[in-house]
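Participant: give me the fold of what follows.
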Amino acid sequence: MMSKNAKNGPILEAEMECTISLRIKDEVFRPGRVRVHLPAPINADWLFMGQVLDSSPEFRMISIEDHPQRSAWFDEVIDENREFSITYAFESATETIKPDPDEINKTQQPGRAVDPEMIKEYEKISHCDCTSYTGPLAKKISIMDLTSETWLKVPRIGEAAELMGIGEGGIEELWKTPGNLIKTIFDYCAGEKFKVSAENLSRNETLVTLMRACRVPARWQGGFRLKDGSAVAADWAIVHAAPYGWIYMDAQAAYESIGEGDRELADFYFGGIDALRVPTASRLGAGHYPARDHRRSDEKYNLYGEAEFEERGLSGSEFDTTVKISRRG
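Facilitator: Here you go, the predicted model:
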């Protein structure tokens, strides 16, 4: 439980409603066939999907809940311009975990490779060490977890050390205490010393790449977050640390909380996540289903939808998207 001193305690349970709409700009529209993909909530262990409350026009299909970039698909022949929209209802209930770095330090983390030769070529290609992804927890952590997002390039250890400003020897020393290593990476990504990488990654994307570079299993997830009554684009990380298993981290939300003078709320995001979120992607750069015929306007995330005519895809400047999230009850 958050103490009463916390200025903005996290909301851990909520009934949510989310409406996403897209309209092609009038100066771009022309009569004929229009195909639209609108983001849909993906499967998450704290999200309980309810139903589609409304769809206009009626969507043709929606991809499965664990699709890496889930969407509802519309395929219409229209004579006049119109809005495409869909409304979802669901329940969100997150589990609060406050990981103790000391407990992580004294717990055995995933071991060395069972078959080093099998992944030697893979490590060579991806420039990373993924030997800690096999062993005792192999059933829960796969080698491919390390680079499951095509846009997240895992840096070499030296590059990770240089980015954090602690020296390669410092990381080697931190490897002896994995709990301290994980907290160090989180504090860096949530702090003032954070530097934008050459790939221009977000704080949480950087957190995932640094964890992976330092042999800590980590995944990325993104979508929307309800903040101050408005839906804002957001992402967060999922990190594996025994004895807790997979835990959530949000370096961006922690950074914002620190800026607002709420250190206790910032600490919550090291292992905790609030319920006012709509995840729409678990892998950067994943395709939509059904597949598009033309190039997407946003090839990285799954936030604002996509539209295409038969002869070409539309750029983000050629349509407007609205995302509205509200709590029910």
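
Participant: tell me who's in contact with the spatially closest residue to His294 that is not a sequence neighbour.
Facilitator: Nearest residue to His294 in three dimensions, chain neighbours excluded: Gly313, at 3.2 Å (CB to CB, 6 or more residues apart in numbering). For the C-beta atoms, the positions are set from N, CA and C on the backbone; glycine is no exception. Applying CB atoms under 8 Å, 6 or more residues apart in numbering to Gly313 gives the contacts 292-297, 306-307.

Participant: which residues does Gly313 bridge with?
Facilitator: Glu308 (DSSP bridges).

Participant: ok, back up a step: just the buried residues out of the contacts of Gly313, in ChimeraX syntax.
Facilitator: Here is the ChimeraX command that selects the buried residues among those (16 or more other CB atoms under 10 Å):
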select :292,296,297,306,307
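
Participant: and the two most separated of the contacts of Gly313?
Facilitator: Within the contacts of Gly313, two members stand farthest from each other by CB to CB: Asp293 and Ser297, at 13.7 Å.

Participant: hey, where'd the strands end up in the chain?
Facilitator: 13-24, 32-39, 47-56, 61-62, 71-78, 83-93, 218-227, 230-241, 245-249, 270-271, 277-281, 306-309, 319-328 (DSSP state E).

Participant: closest one to Leu174 among those?
Facilitator: Judging the strands of the chain by CB to CB, what sits closest to Leu174 is strand 230-241, at 13.5 Å.

Participant: quick revisit: can you read off the pLDDT for the residue nearest to His294?
Facilitator: pLDDT, Gly313: 97.

Participant: do the same with Met1
Facilitator: 40.

Participant: please apply the same query to Gly167.
Facilitator: Note on Gly167: pLDDT of 81.

Participant: gap between it and Gly191?
Facilitator: 17 Å (CB to CB, to the nearest Å).

Participant: go on, Ala233?
Facilitator: 21 Å.

Participant: now swap in Leu174 and tell me
Facilitator: For Leu174, the distance to Gly191 - CB to CB - is 16 Å.

Participant: next: Gly285.
Facilitator: Applying CB to CB to Gly285 and Gly191 gives a distance of 28 Å.

Participant: more neighbours: the two, which one.
Facilitator: Neighbour tally, Gly285 and Gly191, criterion other CB atoms under 10 Å: the higher count belongs to Gly285, 17 against 14.

Participant: just give me the neighbour total for Trp175.
Facilitator: 16.

Participant: then Lys227?
Facilitator: For Lys227, using other CB under 10 Å, the count is 16.

Participant: got the contact list for the closest residue to it other than its chain neighbours?
Facilitator: In space, and not counting its chain neighbours, Lys227 is closest to Leu276: 7.5 Å by CB to CB, 6+ apart. Counting by CB under 8 Å, 6+ apart, Leu276 touches 11, 14, 16, 92, 225-227, 325, 327.

Participant: for stretch 24-44, buried residues please.
Facilitator: Buried, per 16+ other CB under 10 Å, within stretch 24-44: 24, 29, 34-42, 44.

Participant: can you check stretch 246-255 too?
Facilitator: Taking 16+ other CB under 10 Å as the criterion, stretch 246-255 shows 247-255 as buried.

Participant: what's the answer for stretch 158-167, then?
Facilitator: Quick answer for stretch 158-167 (16+ other CB under 10 Å): 159-161, 163-164, 166.

Participant: mind putting those residues into TSV with distance to Ser85?
Facilitator: TSV is the format used below for those (distance: CB to CB, whole Å):
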residue	distance to Ser85
Glu159	44
Ala160	43
Ala161	48
Leu163	42
Met164	44
Ile166	48
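
Participant: ok, of those residues, which one's closest to Val239?
Facilitator: Using CB to CB, these come closest to Val239 at Ala160, 15.0 Å.

Participant: residues contacting the closest one?
Facilitator: 171, 209-210, 213-214.

Participant: find the centremost residue of this structure, please.
Facilitator: Gln221 (1.6 Å; CA atoms, centre = their mean).

Participant: pretty sure Leu163 contacts Leu210?
Facilitator: Yes - look at Leu163 against Leu210 with CB atoms under 8 Å: they come within range, at 7.2 Å.

Participant: what is in contact with the two at once?
Facilitator: Residues touching both Leu163 and Leu210 (CB under 8 Å, 6+ apart) are Pro155.
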